[in-house]
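Asker: build the 3D model from these lines:
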Amino acid sequence: MAHHLILLSSTILVALLILSPPTAAASPVLDIDGNPLEAGSQYYVLTSGRGAAGRGGLTAEPDLYDGICPLYVGQYYSWTKQGSPVSFHPADPSQTQVTLGEDVNIAFGPSYVCRNQGVWQLGTTTGEVFYLTTNGVIGNASNKADWFKIEQAAFGPGSYKIVYCFATPVTDSSSQTQRSENCQQFDSTAPGPPGSDWSWLSFVPIDDPLPFFGFVFKKFTSTSTFLNPKFTTTSSYS
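Answerer: Numbering: from 1, shown residues only. Prediction:
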């Protein structure tokens with residue numbers, strides 16, 4: 001009898017394994033060449049739109065009212081300026097690729113001006129407007145302000161939005177407290193200081209269509225250039 005039960009249990013287990021759909025792997029974020037973003041490698045963050053329909057790359061600049069540091073993340077107006085590249089660091093340090101919807105640190109690289117890693121961090125200024133500073137730390141799981149997500153934009157494959165999600169406590173019908181995510185995306189909607197050729201990245205609603213057709217990622221190579229002298233690595237781009 002026991003032998004028959006073991007055979008029956010084994011048969012059921014095999015059937016369940018066959019019938020159960022495989023767990024879907026998270027989709028990788030792709031660069032403009034169609035390759036998965038590599039964790040730790042450097043990429044320019046550009047807009048999908050080009051010319052008059054686009055904007056330039058990202059830069060880190062001081063808020064003149066706060067002094068030289070911290071640096072804030074901005075975006076050049078002109079699409080001819082690729083800006084400074086960033087690297088992406090997944091929450092799981094063993095992960096070799098950047099995937100959609102998973103937490104990542106985003107970093108410009110070490111800054112000799114502000115003596116930090118150049119890691120993006122959610123910050124506020126006067127009036128409680130949310131901007132991005134470079135005061136974060138790579139791999140600090142306890143600091144939610146340092147973690148972002150990359151999501152698919154509505155403009156087709158290869159176009160993305162950069163997202164930050166607040167964890168909000170919500171009480172359900174049984175009076176149990178659950179945590180719900182409230183996510184917003186970033187766009188360069190706040191003008192920089194007078195005379196500047198860039199604007200600040202700040203929050204816009206998650207479902208708003210980005211005016212420059214979303215962000216794309218171009219891999220930094222030995223023939224690329226940092227236009228921002230605040231960071232330690234320099235070379236030239238084609």
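Asker: residue contacts, the nearest residue to Ala60 once chain neighbours are set aside?
Answerer: Taking Cβ to Cβ, 6 or more residues apart in numbering as the measure, Ala60 lies nearest to Leu71, with 4.0 Å between them; neighbours along the chain are not counted. For the C-beta atoms, the positions are set from N, CA and C on the backbone; glycine is no exception. With contacts defined as Cβ atoms under 8 Å, 6 or more residues apart in numbering, the neighbours of Leu71 are 60-62, 111, 113-114, 118, 133-134, 230.
Asker: how about Phe213?
Answerer: By Cβ under 8 Å, 6+ apart, the contact set of Phe213 is 47-49, 53-54, 153, 155, 159.
Asker: buried sites along the strand ranked longest in the chain?
Answerer: Identified as the longest strand of the chain according to DSSP state E is strand 177-191. Taking 16 or more other Cβ atoms under 10 Å as the neighbour-count basis, strand 177-191 is seen to contain the buried residues 183-188, 190.
Asker: got the contact list for Ser188?
Answerer: Shown in contact with Ser188 (Cβ under 8 Å, 6+ apart): 55, 74-75, 198-202.
Asker: that one and Leu201, how far apart?
Answerer: 5 Å (Cβ to Cβ, to the nearest Å).
Asker: list the residues that contact both of those two?
Answerer: Taking Cβ under 8 Å, 6+ apart as the contact rule, the neighbours common to Ser188 and Leu201 are 74-75.
Asker: count of neighbours near Lys219?
Answerer: Neighbours of Lys219 under the rule other Cβ atoms under 10 Å: 16.
Asker: tell me the contacts of it?
Answerer: Taking Cβ under 8 Å, 6+ apart, one finds 31, 33, 35, 41-44 in contact with Lys219.
Asker: mark which of these are part of strands, please.
Answerer: Counting by DSSP E, the part of the contacts of Lys219 found in strands is 42-44.
Asker: and which of those residues is nearest to Leu100?
Answerer: If you rank these by distance to Leu100 using Cβ to Cβ, Tyr43 comes first, at 15.4 Å.
Asker: so what's the closest one scoring on pLDDT?
Answerer: According to the prediction, Tyr43 has pLDDT 97.
Asker: is the residue nearest to it when sequence neighbours are not counted bridged to anything, and to what?
Answerer: Beyond its immediate neighbours in the sequence, the residue positioned closest to Tyr43 (Cβ to Cβ, 6+ apart) is Phe217, lying 4.2 Å away. With DSSP bridges applied, the residues forming beta bridges to Phe217 are Val45.
Asker: sweet, I'm off.
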